[in-house]
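Peer 1: just to be clear, the model below is a prediction. Sequence and coordinates:
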Amino acid sequence: MSLRLHDTLSDQKLPFETAEPGHARIYVCGPTVYDYAHLGHVRCYVVYDVLVRHLKATGTRVTYVRNITDIDDKILARAKERGEAPTELAARFAEAFHQDLARVGNLRPDIEPKVSEHLDEIRDLVARLIEGGHAYEAGGDVYFDVHSFKDYGKLSHRNLADLEAGASGRTQGDDKSKKRNPADFALWKGAAEGDVSWPSPWGPGRPGWHIECSAMSMAHLGESFDLHGGGLDLVFPHHENEVAQSEAATGKPFATTWMHNGFVEVDKTKMSKSLGNFFTARDVYERVEPEAIRYFTMTVHYRAPLSLDWTLDDDGNVTGFPQFEEAERRVEYVYQTRQRLEEIPESRIAEDGTAPESLNLRAGLVRTLDDDLNMPQALAQVAEFLKAVNELCDAASRKKGKAPKASVTLARDGFAALEAELGLGVEEPRAILERIRDRRAAARGIEPGDVEERIEERRRARADRDFARADEVRDALAAQGVELHDSPEGTRWTMR
RNA sequence: GGCGCCGUGGCCAAGUGGUAAGGCAGAGGUUUGCAAAACCUCCAUUCACCGGUUCGAAUCCGGUCGGCGCCUCCA
């Protein structure tokens, strides 16, 4: 394995090495399920999906753990608001989350631990920290004592003195009297009257936000594991606190490599639930093929911001997402090309001849993704590959033209690699192309049946060599965005 | 205030010491009854700006300007 990844802890691009040879143990922070996934979540989990796919495609066994946070103040608040049981609300949004991510082609993690099923591990870890002198009880709460962990700040590259100086303006007015130090954080929060709570040696309450990930990652991957990932916003305080509490408890290094992805931005500002400037994945799926969103997320390096644009009408309604539309055309190109390759008849395949290197997409993707998952560069290679495949198909369709068998075989393997490495081109070409076409037609109020009728009308005109009439039909359809494609097998149509 | 990131053609975006990938848009062409699709050709002497290091810099160093993130729930 020669994958190199940018590691937040060392702030360097380093070879990714697993403690157990050939087996990568990975933990990624999952969602808090109180609402639908938005595009920021989609981007994040596509990144880790590509990481996992690439490791598997290059022969590494992967144990991919991604938690579901189903106990959280926001879930409790939202459930109360709706008069729904917190567990039901969480289960509902967890299911929606799975559906939304499956539609962009993400594989399910191997293990998806829930906080609600790890209360024992969490309480044990808290108890261990208290025993070790790293945590203290205070009025029903339990706090981690940051001064008890000398490396506090090593992940996010800041020190306690700076943190306290910076935070002072914000924390002075708050009621933080239970904490010994403003930077201390809750491991266990005591319940107020009427709150949903779980029993503990420190009284009824619920886990602090950070402790769950330490408890669950250790439960499923061991006290030390290979890679921990999540959004850039988790570096501090979430991951910093995870490092502190985990290493304080075990005395061992927690995760070896730390990977963080950049945000989706709108108007140069981070898309987030709290700012309310987000589009949910499922809303966008109504306008564009989900795979196009996957493609779009790969047009930018995973650590860089992904800036989203849209167009508005005079009333301020969203009329489109130009970047998704462009990406959708690229997705169409992927599938059209694959379909052309699959349709090369046996009689047009020649035994002799060699394949050009441009068809060796697998080798290119492996090399490129090995370099810190350089997906934009990977897409550049995909573009050159698809061009070469079309050249091959053009050659095979010319008079007396043939495609070398070696080329056809390599091209087919290229599509297999595209799926294995990037999770693109995974669907049946005809089905997805028709779906894209019909969705665009519906958006313009065009009935496929009507188009078929006009095509038949034009076919008759052409048979009579009445080309003026045939062109009238073509032009009329073109004005509605319908494009006709003549071939010896008949006429097909697509939507521009 | 502390820590950190970014500024590459009309737009998006790779590239972190060896002479600017790829996509979109645009121009011309092959093909076609005409088209579309596909393919071919062209499209940054230049990488925010100013200095410096070097045989050589978009890439390293210093400074200036501009934009953003984290420090508070957040992917």
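Peer 2: Sure, I can see it. Residues are numbered from 1 along each chain as shown, chains lettered A, B, ... in the order given.

Peer 1: which element follows the helix or strand bottoming out on mean pLDDT in chain A toward the C-terminus?
Peer 2: Among the helices and strands of chain A, helix A:160-171 carries the lowest confidence by mean pLDDT, DSSP states H and E, at a mean of 60. Later in the chain than helix A:160-171, the nearest helix or strand by DSSP states H and E is strand A:185-190.

Peer 1: quickly list the domain ranges of chain A.
Peer 2: With domains defined by automatic domain parsing, chain A comprises A:4-137+A:211-282, A:287-443, A:445-495.

Peer 1: out of those, deepest packed?
Peer 2: Looking across the domains of chain A with neighbours counted as mean count of other C-beta atoms under 10 Å, the highest average goes to domain A:4-137+A:211-282: a mean of 19. Quick note: C-beta positions are derived from backbone N, CA and C, even for glycine.

Peer 1: touching RNA strand B at all, that one?
Peer 2: Yes. Contact check for domain A:4-137+A:211-282 against RNA strand B, using C-beta under 7 Å from any atom of the strand: residues in range are A:11, A:29-32, A:40-41, A:43-44, A:74, A:230-238, A:261-265, A:268-274.

Peer 1: among the residues you listed, which are in strands?
Peer 2: Helix and strand membership here follows DSSP state E; of those, those in strands are A:230-231, A:261, A:264-265, A:269-270.

Peer 1: any chance of those residues in JSON lines, plus pLDDT?
Peer 2: Written out in JSON lines, the entries for these read as follows (pLDDT from 0 to 100):
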{"residue": "A:Gly230", "pLDDT": "95"}
{"residue": "A:Gly231", "pLDDT": "94"}
{"residue": "A:Asn261", "pLDDT": "95"}
{"residue": "A:Val264", "pLDDT": "94"}
{"residue": "A:Glu265", "pLDDT": "91"}
{"residue": "A:Thr269", "pLDDT": "87"}
{"residue": "A:Lys270", "pLDDT": "88"}
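
Peer 1: for the residues you listed, which two are the farthest from each other?
Peer 2: Pairwise distances among these were taken by C-beta to C-beta; the largest, 19.9 Å, belongs to A:Gly230 and A:Thr269.

Peer 1: who's in contact with the closest residue to A:Asp70 other than its chain neighbours?
Peer 2: Nearest residue to A:Asp70 in three dimensions, chain neighbours excluded: A:Ala90, at 3.8 Å (C-beta to C-beta, 6 or more residues apart in numbering). The neighbours of A:Ala90, taking C-beta atoms under 8 Å, 6 or more residues apart in numbering as the test, are A:33-34, A:68, A:70-71, A:75, A:79, A:116.

Peer 1: hmm, try it at 10 Å
Peer 2: A:Ala90 makes contact with A:32-34, A:68-72, A:75-76, A:78-79, A:84, A:114-116, according to C-beta atoms under 10 Å, 6 or more residues apart in numbering.

Peer 1: same thing with A:Gly203?
Peer 2: Taking C-beta under 10 Å, 6+ apart as the criterion, A:Gly203 is in contact with A:137, A:139-142, A:188, A:190-191, A:197.

Peer 1: shouldn't A:Ala468 be within a strand?
Peer 2: No. Membership of A:Ala468 in a strand is not supported by DSSP: H, G, I helix; E, B strand; the rest coil, which gives helix.

Peer 1: show the pLDDT at the residue nearest to A:Ser156 when sequence neighbours are not counted.
Peer 2: Leaving out its chain neighbours, the residue that sits closest to A:Ser156 by C-beta to C-beta, 6+ apart is A:Phe236, at 3.9 Å. At A:Phe236, the model reports a pLDDT of 92.
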